[in-house]
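Visitor: with the sequence up front, the predicted model follows.
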Amino acid sequence: MLESYVTPLLMSYVNKYIKNLKPSDLQLSLWGGDVVLSKLDLKLDVLEQELKLPFTFMSGHIHELRIHVPWTKLGSEPVVITINTMECILKLKDGAQDDHESGSSSTSRTVSDSSKAVAKPRRLQQAAPSDPDLPPGYVQSLIRRVVNNVNIVVNNLILKYVEDDIVLSVNITSAECYTVDDIWERAFMDITAPELVLRKVINFADCTVCLDKRNASGKIEFYQDPLLY
């Protein structure tokens, strides 16, 4: 069954960035073709390591996460991950914190990479049971196409930078990341020789930048007009 190969892969990606997920519930939903998860907390340390920005994530939340898996057309249609309202609050790292976290992140990544090197064969072995109807070459090709063509849609992305009583907000109504062909048109692609290149496009729509002041309790009493729209 294709589910036995693809489901663990998708679960590993989601679980990497989201806290407190129940793998059993997620697996059953994925087999049905659609997953809807609400009120999720992001793993802030993972985001910092992945993005490598000079900021510390103070909080990160997702209001709703949807995953659509077209099981009957998995070889020709993308898996679509839709995030409805994602809000992150950041602050600037100071020099000492940055140096300390860089060392910690480097050590964590080394330990994590070593763990992955040990754990990966076991995970792959569990995720890829023997199935005479699905040759290994076909499975590898299919998984590669699934990963290369994942479509990510974010509706209502909110980023807030906080410094003392100042709040700088960036609101993006919609953002989408998808795979394109060699003329930059949306397409379902596979990486083949001799051109081993995967092209992605990220579209942003309606970006608003605001600068506001918060009170002693951390709330903004009066919102100013946007600096940029």
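Guide: Noted; the coordinates are in hand. In this text the structure is predicted, and so the values were computed from the model without any measurement.
Visitor: number of nearby residues for residue 217?
Guide: 6 (other CB atoms under 10 Å). (Each C-beta comes from the backbone N, C-alpha and C, glycine too.)
Visitor: tell me where the model's unsure across this structure.
Guide: Along the chain, the parts satisfying pLDDT under 70 run over 1-3, 23-31, 95-136.
Visitor: all strands of it, in order?
Guide: Secondary structure of the chain by DSSP state E: the strands cover 34-41, 55-68, 80-92, 151-163, 166-180, 199-213.
Visitor: so residue 142 touches residue 76, yeah?
Guide: No. Between residue 142 and residue 76 no contact is recorded; they are 10.8 Å apart, counting by CB atoms under 8 Å.
Visitor: before we move on, the earlier item: export the strands of the chain to a markdown table and tack on distance to residue 186 and mean neighbour count?
Guide: Listed next are the strands of the chain as a markdown table, based on distance: least, CB to CB, whole Å; neighbours: other CB atoms under 10 Å:
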| stretch | distance to residue 186 | mean neighbour count |
| --- | --- | --- |
| strand 34-41 | 22 | 14 |
| strand 55-68 | 16 | 17 |
| strand 80-92 | 13 | 17 |
| strand 151-163 | 9 | 17 |
| strand 166-180 | 6 | 16 |
| strand 199-213 | 8 | 13 |
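Visitor: quick one: which of residue 142 and residue 76 has more around it?
Guide: Higher neighbour count among residue 142 and residue 76: residue 142, with 17 against 10, using other CB under 10 Å.
Visitor: tell me the contacts of the more buried one?
Guide: By CB atoms under 8 Å, 6 or more residues apart in numbering, the contact set of residue 142 is 2, 5, 6, 74, 75.
Visitor: how about 7 Å then?
Guide: When the contact criterion is CB atoms under 7 Å, 6 or more residues apart in numbering, the partners of residue 142 are 74, 75.
Visitor: nearest to residue 47, out of the strands of the chain?
Guide: The minimum distance between residue 47 and the strands of the chain falls on strand 55-68, with 5.5 Å, by CB to CB.
Visitor: I'd like to know which elements the closest one is packed against.
Guide: strand 34-41, helix 44-51, strand 80-92 (3 or more CB pairs under 7 Å, 6 or more residues apart in numbering; DSSP states H and E).
Visitor: need the ones you listed in JSON lines with distance to residue 215, can you?
Guide: Listed next are the helices and strands packed on strand 55-68 as JSON lines, based on distance: least, CB to CB, whole Å:
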{"stretch": "strand 34-41", "distance to residue 215": "26"}
{"stretch": "helix 44-51", "distance to residue 215": "25"}
{"stretch": "strand 80-92", "distance to residue 215": "16"}
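Visitor: which of these sits closest to residue 148?
Guide: Nearest of those (CB to CB): strand 80-92, 14.1 Å.
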